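[1] Kindly return the folded structure for what I paste below:
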Amino acid sequence: MARWDPGAEQRLKRAALELYLERGYDHVTVTDIAERAGLTRRSYFRYFPDKREVLFGGSEHLPPALADAVQAADPDAAPLTAALDALTLVGTRLVEQVQGAAERRAVIDASPELQERERTKGAAVTRAIRDALVQRQVEAETAELVAQLATVAFGNALRRWIDAEGHAGFAECLDTVTDQLRAALTAT
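    Got it, this is the predicted structure:
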């Protein structure tokens, strides 16, 4: 293998997912992942700081992308509409790049450590949406509440999209979740 193989990162992701599914997250080491990918342990750490990040790599780009999309939303849009429009735009792009989403979800669901990592990433999404709404002159408490609701809707839409196995687009899944949320908020 070439030292700086351009396909190394994807091979590491694929190898980690395969191993986590086969053995369980707690029973896989970085060395196992690197060997399965045909790389060295040292090479692994060029791409990921630990064995968790192989499942979350790239997620650091999501909060700034969402913040930018909230900022770019229609200036006259209500805060929740701006946030949901941003989530639709960014979420649609995100799912086009996701491979093995159902398998990744199964690995995360089976590991409290990975669930905690996912909550941390979700908190970063909430902060980004909140901060972008505040920049749009939304009152801070309202921005926080809207950001929390939008993040919950995003997570539910993503799960719905995974469960649909390609039979529904992300935007459609988010619309369904949004309709459910609005119905729950207005039900008497």
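[2] What separation do you get for A123 and T31?
    A123 sits 31 Å away from T31, going by Cβ to Cβ, to the nearest Å. (C-beta placed from N, C-alpha, C; glycine too.)
[3] Please apply the same query to P49.
    Distance, P49 to T31, using Cβ to Cβ: 15 Å.
[4] what about the chain, any weak spots by pLDDT?
    Within the chain, the stretches with pLDDT under 70 are 1-5.
[5] can you rerun that using 90?
    1-7, 56-60, 94-101, 165-167, 181-182, 185-188 (pLDDT under 90).
[6] So for it, the centremost residue is which one?
    S59 (6.0 Å; Cα atoms, centre = their mean).
[7] Now do the contacts for that one.
    For S59, the contacting residues are K121, by Cβ atoms under 8 Å, 6 or more residues apart in numbering.
[8] Now do the contacts for G57.
    Contacts for G57 (Cβ under 8 Å, 6+ apart) come out as 9, 13, 47-48.
[9] Using the three-state scheme, assign A77.
    Under the three-state scheme (DSSP: H, G, I helix; E, B strand; the rest coil), A77 adopts coil.
[10] what about it, distance to D85?
    7 Å.
[11] so what's in contact with the two at the same time?
    With the criterion set as Cβ under 8 Å, 6+ apart, the contacts of A77 and D85 do not overlap.
[12] Helices along the protein, start to end?
    8-23, 30-37, 41-47, 53-56, 62-72, 79-97, 101-109, 112-135, 140-164, 170-186 (DSSP state H).
[13] Export those helices to JSON lines and append columns for mean neighbour count.
    Written out in JSON lines, the entries for the helices of the chain read as follows (neighbours: other Cβ atoms under 10 Å):
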{"stretch": "helix 8-23", "mean neighbour count": "19"}
{"stretch": "helix 30-37", "mean neighbour count": "19"}
{"stretch": "helix 41-47", "mean neighbour count": "16"}
{"stretch": "helix 53-56", "mean neighbour count": "20"}
{"stretch": "helix 62-72", "mean neighbour count": "20"}
{"stretch": "helix 79-97", "mean neighbour count": "20"}
{"stretch": "helix 101-109", "mean neighbour count": "16"}
{"stretch": "helix 112-135", "mean neighbour count": "18"}
{"stretch": "helix 140-164", "mean neighbour count": "19"}
{"stretch": "helix 170-186", "mean neighbour count": "15"}
